[in-house]
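In: I'd like to go over a predicted model; first the sequence, then the structure.
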Amino acid sequence: MSRFRLAVSAEMVFLDLPFQERARRIAELGFELWDWTTKDLDALTRTGATFSSMTGYVRGTLADPDSVVASEVVTPAMWLHAARTLTRLAELGERAGRVFTLENLIQLVERALPLVGEIQVADVPGRREPGTGEIHYPAVAAALDRLGYTGVVGLEAWASGDPVRALERFRAAFTLPAPP
């Protein structure tokens, strides 16, 4: 078993199944899931799946109560969609010569980890599960373990083929060897 809390986006695997069935399949495999947009939250709750996080709002602002999800679903984290803010900060940083690059992924994780609420993974190229591209995820997992990361690692990737095999590859990439 992985020492990390693994999560899978039901938006990206088992695409041939109805959404509630996707949630059931992911829950049966021991994963968590997220995203409530345009979904029947009560039906998803009845699947028994554990939600690791979900979008906090999809329009408006967090200050507007009508924009925030109101549900019986219990989730430890809400996404705040700071992409526009981060994009703007990156633009400012570039002008000031302080842009992080992805040339050294583990170094970036080491520098940013105190600010990270969840690690989302997808291999490149193609945004597929670990083991299908260039990133050596066992090294990333070892670095996260060395740094004491205890949060969620979410698969935010398309299955390259069989979804069960994709989830097995994800789990394997984040399963560390037993300590001696």
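Out: Okay, I see it. Predicted model only: the values in this text are computed from it and were never measured.

In: contacting residues around the closest residue to residue 47 other than its chain neighbours?
Out: Nearest non-adjacent residue to residue 47, counting by C-beta to C-beta, 6 or more residues apart in numbering: residue 23, 4.1 Å away. To be clear about C-beta, it is placed using only N, CA and C from the backbone, and glycine gets the same treatment. Contacts here follow C-beta atoms under 8 Å, 6 or more residues apart in numbering; on that basis residue 23 touches 10, 33, 44, 47, 49.

In: flag every buried residue along the strand or helix carrying residue 23.
Out: For residue 23, the enclosing helix or strand under DSSP states H and E is helix 19-28. By 16 or more other C-beta atoms under 10 Å, the buried positions in helix 19-28 come out as 19, 20, 22, 23, 24, 25, 26, 27.

In: is it true that the second one touches residue 43?
Out: Yes - using C-beta atoms under 8 Å, residue 20 is in contact with residue 43, at 5.2 Å.

In: that older thread, can you pick the most crowded of the contacts of residue 23?
Out: Most neighbours among those, by other C-beta atoms under 10 Å: residue 10, with 28 neighbours.

In: distance of that residue from residue 49?
Out: For residue 10, the distance to residue 49 equals 8 Å [C-beta to C-beta, to the nearest Å].

In: residue 148 too?
Out: 27 Å.

In: check residue 139 too.
Out: The gap separating residue 139 from residue 49 is 30 Å, by C-beta to C-beta.

In: format the contacts of residue 23 as TSV; extra columns: pLDDT and secondary structure.
Out: Formatted as TSV, the contacts of residue 23 follow (pLDDT from 0 to 100; DSSP: H, G, I helix; E, B strand; the rest coil):
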residue	pLDDT	secondary structure
10	86	coil
33	63	strand
44	79	helix
47	81	coil
49	78	coil
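
In: nearest to residue 143, of the residues you listed?
Out: Nearest to residue 143 among those: residue 33, at 25.1 Å, using C-beta to C-beta.

In: got the end-to-end distance for stretch 123-132?
Out: In terms of C-alpha to C-alpha, to the nearest Å, the two terminal residues of stretch 123-132 are separated by 6 Å.
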